[in-house]
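*Asks:* Below is the structure, and that's it, no one-letter string:
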């Protein structure tokens with residue numbers, strides 16, 4: 001049986017991976033994340049996701065290691081980080097209201113035993129409706145989305161901010177594209193809907 005490691009301490013990614021009902025452990029990646037505004041977002045998140053997974057390879061030499069990363073790009077093409085404070089979240093949402101923005105989520109899977117790897121980027125666009133300052137303050141006070149890129153939690157009250165969304169996999173919006181990850185796991189012998197994990201080496 002192959003062990004599976006999620007190279008993330010994000011509670012959102014952990015909850016998503018639990019949907020697949022496969023055993024796994026989480027570990028914090030040993031990797032310093034740097035956001036380069038000069039790199040295309042799709043390439044950036046694939047790079048970061050891969051290196052997060054790769055950073056744990058020596059600690060889990062026989063595991064399948066999952067890495068993920070996400071950046072939020074506003075309508076002007078700027079990468080926005082997590083707001084970290086309610087004041088910053090308010091400012092971000094105020095600037096974003098009534099416009100369309102894109103999340104780029106990278107996912108990578110590394111077979112630590114063989115070095116084989118898979119990675120991809122799954123984009124998802126969101127359009128916020130026009131919002132009053134009172135609505136934005138109410139949202140920030142009620143959900144405190146300071147640890148979320150984009151300053152909202154789409155799996156929670158953040159859905160009330162939306163006018164529309166478009167993408168192939170809503171889980172990418174939350175931070176871990178499960179459709180693509182399931183494909184990667186299948187390539188490594190893990191059949192989520194089958195009999196479990198098979199060591200085919």
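*Replies:* Done, it's in. Computed from a predicted structure; not experimentally measured.
*Asks:* What ranges does the protein have for its helices?
*Replies:* 11-18, 41-54, 86-96, 133-143, 170-174, 178-187 (DSSP state H).
*Asks:* From residue 154, how far out is the residue most central in space within the chain?
*Replies:* In the chain, the centroid-proximal residue (C-alpha atoms, centre = their mean) is residue 175; its distance is 2.1 Å. Separation of residue 175 from residue 154 (C-beta to C-beta, to the nearest Å): 10 Å. Placement of C-beta: from N, CA and C, glycine included.
*Asks:* that older thread, okay, the helices of the chain in CSV with mean neighbour count next?
*Replies:* Listed next are the helices of the chain as CSV, based on neighbours: other C-beta atoms under 10 Å:
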stretch, mean neighbour count
helix 11-18, 17
helix 41-54, 22
helix 86-96, 18
helix 133-143, 15
helix 170-174, 22
helix 178-187, 18
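*Asks:* In JSON lines: those helices, plus mean pLDDT.
*Replies:* Shown next, in JSON lines, are the helices of the chain (pLDDT from 0 to 100):
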{"stretch": "helix 11-18", "mean pLDDT": "95"}
{"stretch": "helix 41-54", "mean pLDDT": "96"}
{"stretch": "helix 86-96", "mean pLDDT": "96"}
{"stretch": "helix 133-143", "mean pLDDT": "98"}
{"stretch": "helix 170-174", "mean pLDDT": "92"}
{"stretch": "helix 178-187", "mean pLDDT": "97"}
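*Asks:* got these as a markdown table, with distance to residue 64 columns?
*Replies:* Output for the helices of the chain, formatted as a markdown table (distance: least, C-beta to C-beta, whole Å):
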| stretch | distance to residue 64 |
| --- | --- |
| helix 11-18 | 12 |
| helix 41-54 | 9 |
| helix 86-96 | 35 |
| helix 133-143 | 34 |
| helix 170-174 | 18 |
| helix 178-187 | 7 |
